[in-house]
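Chemist: I need the structure of the sequence given here:
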Amino acid sequence: MRILVAMSGGVDSSVVAGLLKSQGHDVIGVTMKLWEGPNGEMPETGCCTAADSEDARKVAAKLDIPYYVLDYTKSFSENVIDNFVDMYSQGLTPNPCVECNRSVKFDHFIDQAKKLNCEKVATGHYAKIVSNDDTFELHKADYLEKDQSYVLHMLTGDILSKIDFPLGTISKPEVRQIAASLGLKTAFKKDSQDICFVGKKDYRNFVSSRIDFSSGGNIVDKNNNVIGTHEGVHQFTVGQRKGIPGGQGQAKYVTKIDVENNKVFIGSKADLTTKKFIIEDVSFVNGEEYENLSIQTRYNSHDIPCKLKKIDDSIFEIELHELTLGVAPGQFGVIYNDTKLIGGGRISSKILENINE
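Modeler: Model (predicted):
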């Protein structure tokens, strides 16, 4: 089988290419160039640096497979960077990695696979695709410590039929051992954690450089008493503690961001708890399910048992079985039945309005 392997220059995608080649598949390596600065500078950290592309090229040469770098900077800028800036300007907390998968990577990889006459696209994500009566399901990886199914929740069964996740049953230590046995230079390369277009810089400066936040506003408590001032709502996210005034004696957190009135609300940790919220732009892998559900409200957060109630075609209410912290508008709520991923959507700002009990 001819398979397009998405190569980031990291150990995971390197091993995917090596494993598939060793299994006798016709492998083609592809790296996406996703971002460059206004003066053509490449990202210094993240998943798409010049060094990463060079590492991917060296792995492809070691494995003796064709390798291409494809430029998708325009698509990435329009769908991911503009969304990132717009979300912060609305007082929301974006997840650019989910947005990249949802709006850029998989669509372009599948399209490119067709052009190269490839039957599948393989990536180094830790997740499992399970075929069940001609239906393709998305499941958590066996190695839960690295499970990445959360950031893949937008993939439908039809799309999953065109994808392969070879690392779904393999642990990270095993992946590194395989890379070493294949003589790949990425075997002990550290995993990337930074946002590629922000790097180690403050995201606030990145957002400020792309949109005008000339007007500041007030920081208030839940009774609208003024506690302090701010220079722009983009400097805050719900749940934030650092840099919040009025925390003498008891820690204060951002509990709500009112963009229209330029107010940032703060309160105690207890004020952050919620049991009901709305998710919007909801998609399902293979259709709606309503029994034995749980939800993750952030990447790598624990599963919380929940009930799902349909409000509109792509809008659903989530009712948790227990009060929880850390539900931030703009992040994604991803729904599971045990290890099977059912679907997910973006957490609405309505979370902190009248819906709460």
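Chemist: Would you map out the domains in this protein?
Modeler: Each structural domain of the chain that the record assigns through automatic domain parsing is listed here as a residue range: 2-124+165-181, 214-270, 272-352.
Chemist: For I304, give me its contacts.
Modeler: Neighbour list for I304: 294-297, 320-322, 324 [criterion: C-beta atoms under 8 Å, 6 or more residues apart in numbering]. Where C-beta positions appear, they are placed from N, C-alpha and C, glycine not excepted.
Chemist: Let me fix that, I meant to ask about F265.
Modeler: With contacts taken as C-beta under 8 Å, 6+ apart, F265 has the following neighbours: 219-222, 254-258.
Chemist: rerun at 6 Å
Modeler: By C-beta atoms under 6 Å, 6 or more residues apart in numbering, the residues touching F265 are 220, 255-256.
Chemist: What is the three-state secondary structure of E319?
Modeler: Under DSSP: H, G, I helix; E, B strand; the rest coil, E319 falls in the strand class.
Chemist: What separation do you get for it and N337?
Modeler: Remark: distance between E319 and N337 (C-beta to C-beta, to the nearest Å) = 16 Å.
Chemist: Pretty sure F206 sits against V198.
Modeler: Yes: contact between F206 and V198 holds when scored by C-beta atoms under 6 Å: they sit 5.1 Å apart.
Chemist: residues in contact with F197?
Modeler: Here F197 is in contact with 35, 81 (C-beta under 6 Å, 6+ apart).
Chemist: now it: how far from R210?
Modeler: Where R210 is concerned, F197 sits at a distance of 10 Å (C-beta to C-beta).
Chemist: H139 now?
Modeler: Using C-beta to C-beta, one gets 38 Å for the distance from H139 to R210.
Chemist: Please identify which of the two sits among more neighbours.
Modeler: Shown here are H139 and R210; by other C-beta atoms under 10 Å, H139 has more neighbours (20 against 15).
Chemist: check contacts around that one.
Modeler: With contacts defined as C-beta under 6 Å, 6+ apart, H139 is in contact with 128, 130, 339-340.
Chemist: and of those residues, the nearest to I3?
Modeler: For I3, the nearest member of the contacts of H139 is K128. The distance, counting by C-beta to C-beta, is 17.2 Å.
Chemist: confidence score at that closest one?
Modeler: According to the predicted model, the pLDDT of K128 comes to 98.
Chemist: Double-check that it belongs to a helix.
Modeler: No: K128 is assigned strand when assessed by three-state DSSP, not a helix.
Chemist: you'd agree it is up against I170?
Modeler: No: the pair formed by K128 and I170 falls short of the contact definition of C-beta under 6 Å, at 10.5 Å.
Chemist: pLDDT weak spots in the stretch 101-250 of the chain?
Modeler: Applying pLDDT under 70 to the predicted model, the residue ranges of the stretch 101-250 of the chain that meet it are 193-196, 199-202, 212-214, 246-249.
Chemist: May I see the buried residues of stretch 308-328?
Modeler: Within stretch 308-328, the residues that qualify as buried by neighbour count (16 or more other C-beta atoms under 10 Å) are 308, 316-318, 320, 324, 327-328.
Chemist: Make TSV from these and add pLDDT and distance to F236 to it.
Modeler: Converted to TSV, those look like this (pLDDT from 0 to 100; distance: C-beta to C-beta, whole Å):
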residue	pLDDT	distance to F236
L308	97	30
F316	97	27
E317	96	26
I318	96	24
L320	96	24
T324	91	20
V327	90	16
A328	90	11
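Chemist: from those residues, which single one is nearest N101?
Modeler: The nearest one, if we look at these relative to N101 and count by C-beta to C-beta, is A328, at 19.0 Å.
Chemist: I'd guessed the closest one sits against L92; true?
Modeler: No: at 8.0 Å, A328 and L92 do not qualify as touching, with contact defined as C-beta under 6 Å.
Chemist: Quick check: closest non-adjacent residue to F76.
Modeler: Counting by C-beta to C-beta, 6 or more residues apart in numbering, L34 is the residue found nearest to F76 once chain neighbours are left out, at 4.2 Å.
Chemist: quick one, phi/psi of the one you found?
Modeler: When quoted as degrees, to the nearest 10, the phi and psi of L34 stand at phi -110, psi -30.
Chemist: Which stretches in this structure count as helices?
Modeler: Listed from the start of the chain, the chain has helices (DSSP state H) covering 11-22, 50-63, 73-76, 82-89, 96-100, 106-115, 157-160, 172-181, 203-208.
Chemist: so of those, which one's packed in deepest?
Modeler: helix 11-22 (a mean of 24; mean count of other C-beta atoms under 10 Å).
Chemist: Centre of the chain to that one, how far?
Modeler: What separates the centre of helix 11-22 from the centre of its chain is 23 Å, taken as C-alpha atoms, centre = their mean, to the nearest Å.
Chemist: I'm done for today, thanks for sticking with me.
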